[in-house]
Structure formats: structure tokens, C-alpha cells
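Engineer: the sequence and its predicted three-dimensional model are supplied below.
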Amino acid sequence: MPDNPVERSRRIIARREGPLLVEGPVEVVLEDGTTVSSERFCVALCTCRRSRIFPWCDTSHRRHARAACPDADR
Amino acid sequence: MEGVEKGPVTEPELPPGRGELSAALTGYLRGTGPLPDDAAIADAAPFGDDLQLALYLCYELHYRGFAGVDAALEWDPELLRVRAALEQPFLAALRAEATRHEHADDALDELLVEPADGRGVTRFLRDEGELWQLREYVAQRSVYHLKEADPHAWVLPRLWGRAKAGMAAVEFDEFGAGRAERVHARLFADLMADLDLDPTYGRYLHESGAEALAVVNLMSLFGLHRALRGALVGHFAAVETTSSPGSRRLADAMRRTGAGPAAEHFYREHVEADAVHEQVVRREVVAGLLEEEPWLDRDIAFGVDATSCLEDRLADRLLGAWRDGESSLRASV
Ligand SMILES: [Fe+2]
Ligand SMILES: [Fe+2]
């Protein structure tokens, strides 16, 4: 996939709910200075901050139905 | 590609029949007997072992076939007529039992809400699954995962525009993005090896119950019929939407039981990959198809509902057996 930024801007799809979708491959620099990368054709970047695989989305932004019993699992 | 050891690519063995229909089918495929007659097909339970195996045998001719079976039988007119006769009660039962939504968006939105009262197979395996139960789960899922994403490729020539581009992009990822060692079916074979299961294609067909076969027959049915392209897309969207959280629970189950690194990796990869696939399928494939062919809305919803229905049936089979401390398989692995 030709992705010369001179010819073509990288497209990011943003919505209020859910992850940012960024055309891959990407390199993400985290606050501790480490770098993670993905070669996937598209990556989903977590914006809800709840992901256990941050910076990637793991669908933790989804709503949870009300628990039917008090010790219900999430 | 270098460094990839050759996987088994031999044709699977024909399994023994499970009743009149499937026994007749295996005989016909071996060239030793006649096809089942229509009266026998009409009498069979649509979700039962006999009809599901018979249908599976018909469909497998379009994938890898069977050892000792003439590849040309894939297009045998008599066999295709029987296949259609087997499909009809299966599809009718699904339409009657599964249909709950009229619109794709309603059906898919419902899947986005994680149930809080945590029942289901992946929750059970995460919280209390033992290694033998994980092995049973993986053995039965192998009937699908060793052909992961294959039936969905059949829909590509039937799509156009955004739907086609999005579907092809996700399939490219499923097929390893150009790297043989990353093909998802290959990752699943590696997972099976970690669990001391035989990763040979079709190896656990005989051990798998009707419920596990029905899940695979559903995608073959939707994949092989252009008339059901909307349902195929709905099915694929349902799988990708539910996969990420379920895969996380299964990865946790594999870690807790010490199943091994490849076993954990398959599911960890799907947590991340399917969080992306879900978005692409929903925004590009489903929305793109609806833009091109808005009249398929109800079919897409049916594909979602049919998938949930058969997954629920499989879950009932597995959890029902395990809660009684029994095996969910037809024969031990
Ligand atoms: Fe996959
Ligand atoms: Fe996927």
C-alpha cells in the first residue's frame, strides 16, 4: 500500500465512542519512552484508557449490562 | 516463505456415519452405495448429528475433500441435489428459531453490550475451566479454526466498493498478511500442539458434536450461496464483534492453566486483531453493503441472529456436559 505522506495524508477515523482507527503500519511512543509498533493494515487506538493492551483497543469501552446478581462478573 | 515447517496438507479421512443420511453419504462418496432418499432427509432432525454430518460431508468437498474421494464429486449433480435437500430444513429451522431482528444495526448493537451476569463458555473456561475442558473446546473449534476465514473468502466476488475493500483487508489479516507463519489457521494449529492435540486438518471431525458442526455448516451455507451474501456478512460481523472480549477470557484461561505460549498467543492476537476487524467490518463491510444493496438489511440481521443461535446451542452442549462432570465430545481426545 503506497503511503507517501507527500502524496497522501494518513487517514484517521475518529468517533466519540470507540477507538481511533489509524491506517497502519504505526509506531506508538508511550509515556515511559518505550515504543510499540504494529504492521496491521489498520490499528485501533484506545481512547477510553481502560484497555489492558493500551495503546491498542481491546473493546473495554463497551457498555456493560446491569448485573442480574450482586456478585456478577464484568 | 522461509522458516515455516510444512503443515499437514493431506486430505482428511472420511468419518463414520452417525445415522441413515450420513452413512449413505459416506457410502456414495466412496462409490459403494446410493445417496439417501428425500423421505429420510425429511424425517431427520435439522440440528441433529446425522443431518449435520451429512451436510458437512457435502460442504467439505468444496474445501479439502476427503482421502480416497474423487475430487470431481464436488460438482456431481445428484450430490448437489441432495445437498440442497439437506440445506432446506437446516435453513428453515434457523429462520424459524433464530430470527430476532429486522435491521443489521439493531442486531449488531445488541452484541456490543457485554452481559453482566457472566454466563457462557468463555467465562466458564476463564474462571474454572480445567485443561481437559480446554482441550475439548479446542478440539471441537478446530473443525472451524483450521479453515479460519476460508468460507468468508467466497463472498468477495459478490461485493463491491467499500464492502469489498474492507472484507479483503480483514481477510488479508486473517490469512497472515502475506506471512505463512501468521495465518490464523496456522496459529491455531500451533495452539493445538501446545495442548497435545493433533493439528491435522479434519482430525477431530468424528469427535465433534452436531452443535460444533452446525456452526461450520452455517458459514459454508452462507458462503456458497450468493443469495445468502447478506447473511454471510452478518455472520462475519457477529463473529468479529464477539471475538475480542471472548478471546481475552480464553487467553486468560490458557495462562491460568499453563497451556503454553502458542495457546495463549492465538487468543491474545485475536483480542487485538478483532478489535480492529470489528470496526472495519461494521463501518466498511456492513455499511458498504447496505449502501450498495439496502434491501439486504434483513438478511444481514438474520446472519447475526443465526450465528448467535448456533453459538448458544453449542454453549448449552458444552456447559451442560461440563456441569455434570461429563465430556462434551462424542469420543475422547
Ligand atoms: Fe482470526
Ligand atoms: Fe478476525
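Structural biologist: Thanks, I have the structure now. Ligands and ions are numbered 1, 2, ... in the order given.
Engineer: going forward, measure contacts and count neighbours with C-alpha atoms only.
Structural biologist: Noted.
Engineer: can you read off the backbone torsions of residue A:19?
Structural biologist: Torsion angles at residue A:19 (phi, psi; degrees, to the nearest 10) stand at phi -80, psi 170.
Engineer: enumerate every residue touching it.
Structural biologist: Residue A:19 sits next to A:44, A:45, A:46, A:47, A:48, A:57 when contact means C-alpha atoms under 8 Å, 6 or more residues apart in numbering or on different chains.
Engineer: near chain B, from those residues?
Structural biologist: Restricting these to those touching chain B (C-alpha under 8 Å from any C-alpha of the partner chain) yields A:44, A:57.
Engineer: now for the contacts of residue A:19, which pair is the farthest apart?
Structural biologist: Pairwise distances across the contacts of residue A:19 peak at 11.7 Å for A:44 and A:48 (criterion: C-alpha to C-alpha).
Engineer: next one: the spatially most central residue of chain B from residue A:26, what distance?
Structural biologist: Centroid-nearest residue in chain B, with C-alpha atoms, centre = their mean: residue B:216, separated by 3.4 Å. As judged by C-alpha to C-alpha, to the nearest Å, residue B:216 and residue A:26 stand 35 Å apart.
Engineer: right, and the helix or strand after the helix or strand that contains residue B:250?
Structural biologist: For residue B:250, the element it lies in under DSSP states H and E is helix B:229-256. Counting by DSSP H and E, the element after helix B:229-256 in chain order, helix or strand, is helix B:261-280.
Engineer: buried set for the next helix or strand after that following helix?
Structural biologist: Next in sequence after helix B:261-280, counting helices and strands by DSSP H and E, comes helix B:287-292. By 16 or more other C-alpha atoms under 10 Å in any protein chain shown, the buried positions in helix B:287-292 come out as B:287, B:288, B:289, B:290, B:291.
Engineer: ok, back up a step: and the contacts of residue A:19, which are buried?
Structural biologist: Those of the contacts of residue A:19 that meet the buried threshold are A:44, A:45, A:46, A:47, A:48, A:57, by 16+ other C-alpha under 10 Å.
Engineer: which residues of the stretch 51-200 of chain B lie near chain A?
Structural biologist: Going by C-alpha under 8 Å from any C-alpha, the residues of the stretch 51-200 of chain B near chain A are B:112, B:113, B:114, B:115, B:116, B:117, B:118, B:169, B:173, B:177.
Engineer: the first one is in contact with residue A:63, isn't it?
Structural biologist: I take that to be residue B:112. Yes - counting by C-alpha atoms under 8 Å, residue B:112 does reach residue A:63; the two are 7.2 Å apart.
Engineer: if we can go back for a sec, farthest pair in the residues of the stretch 51-200 of chain B next to chain A?
Structural biologist: The widest separation within these (C-alpha to C-alpha) is 37.2 Å, between B:117 and B:177.
Engineer: spatially nearest residue to residue 23 (excluding sequence neighbours)?
Structural biologist: You didn't pick a chain, so chain A it is. residue A:42 (4.3 Å; C-alpha to C-alpha, 6 or more residues apart in numbering or on different chains).
Engineer: other chain: chain B
Structural biologist: In space, residue B:23 is closest to residue B:17, 4.1 Å off (C-alpha to C-alpha, 6+ apart).
Engineer: I'd say that neighbour and residue B:26 touch.
Structural biologist: Yes - with contact defined as C-alpha under 8 Å, residue B:17 reaches residue B:26; the gap is 6.8 Å.
Engineer: where does pLDDT dip in chain A?
Structural biologist: The model of chain A has pLDDT under 70 over residues A:1-6, A:66-74.
Engineer: center of it - which residue?
Structural biologist: Most central in chain A (C-alpha atoms, centre = their mean) works out to residue A:45, at 1.7 Å.
Engineer: which strands and helices sit next to the helix or strand harbouring residue B:82?
Structural biologist: Element membership for residue B:82 (DSSP H and E) is helix B:77-98. Using 3 or more C-alpha pairs under 8 Å, 6 or more residues apart in numbering or on different chains; DSSP states H and E, the elements in contact with helix B:77-98 are helix B:38-43, helix B:49-60, helix B:297-323.
Engineer: please redo it, this time with the cut-off set to 7 Å
Structural biologist: In terms of contacts (3 or more C-alpha pairs under 7 Å, 6 or more residues apart in numbering or on different chains; DSSP states H and E), helix B:77-98 is packed against helix B:49-60, helix B:297-323.
Engineer: identify the residues contacting residue B:184.
Structural biologist: Each residue near residue B:184 by C-alpha atoms under 7 Å, 6 or more residues apart in numbering or on different chains is listed here: B:148, B:174, B:175, B:176.
Engineer: hmm, back to that, more neighbours: which of residue B:17 and residue B:26?
Structural biologist: Shown here are residue B:17 and residue B:26; by other C-alpha atoms under 10 Å in any protein chain shown, residue B:26 has more neighbours (23 against 19).
Engineer: okay, the nearest residue to residue A:22 once chain neighbours are set aside and residue B:220: tell me how far apart.
Structural biologist: Nearest residue to residue A:22, sequence neighbours excluded (C-alpha to C-alpha, 6+ apart): residue A:12, at 4.7 Å. Per C-alpha to C-alpha, residue A:12 is found 35 Å from residue B:220.
Engineer: not counting sequence-adjacent ones, nearest residue to residue 56?
Structural biologist: This is for chain A. Residue A:56 sits nearest to residue A:45 (C-alpha to C-alpha, 6+ apart), 4.7 Å away.
Engineer: correction: the question concerned chain B.
Structural biologist: residue B:217 (6.0 Å).
Engineer: swap in residue A:63?
Structural biologist: residue B:113 (5.3 Å).
Engineer: so can I have TSV of the contacts of residue B:184 showing neighbour count?
Structural biologist: Below are those laid out as TSV (neighbours: other C-alpha atoms under 10 Å in any protein chain shown):
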residue	neighbour count
B:148	19
B:174	21
B:175	20
B:176	17
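Engineer: closest to residue B:326 among those residues?
Structural biologist: Closest to residue B:326, out of all of those and judged by C-alpha to C-alpha, is residue B:148, at 28.2 Å.
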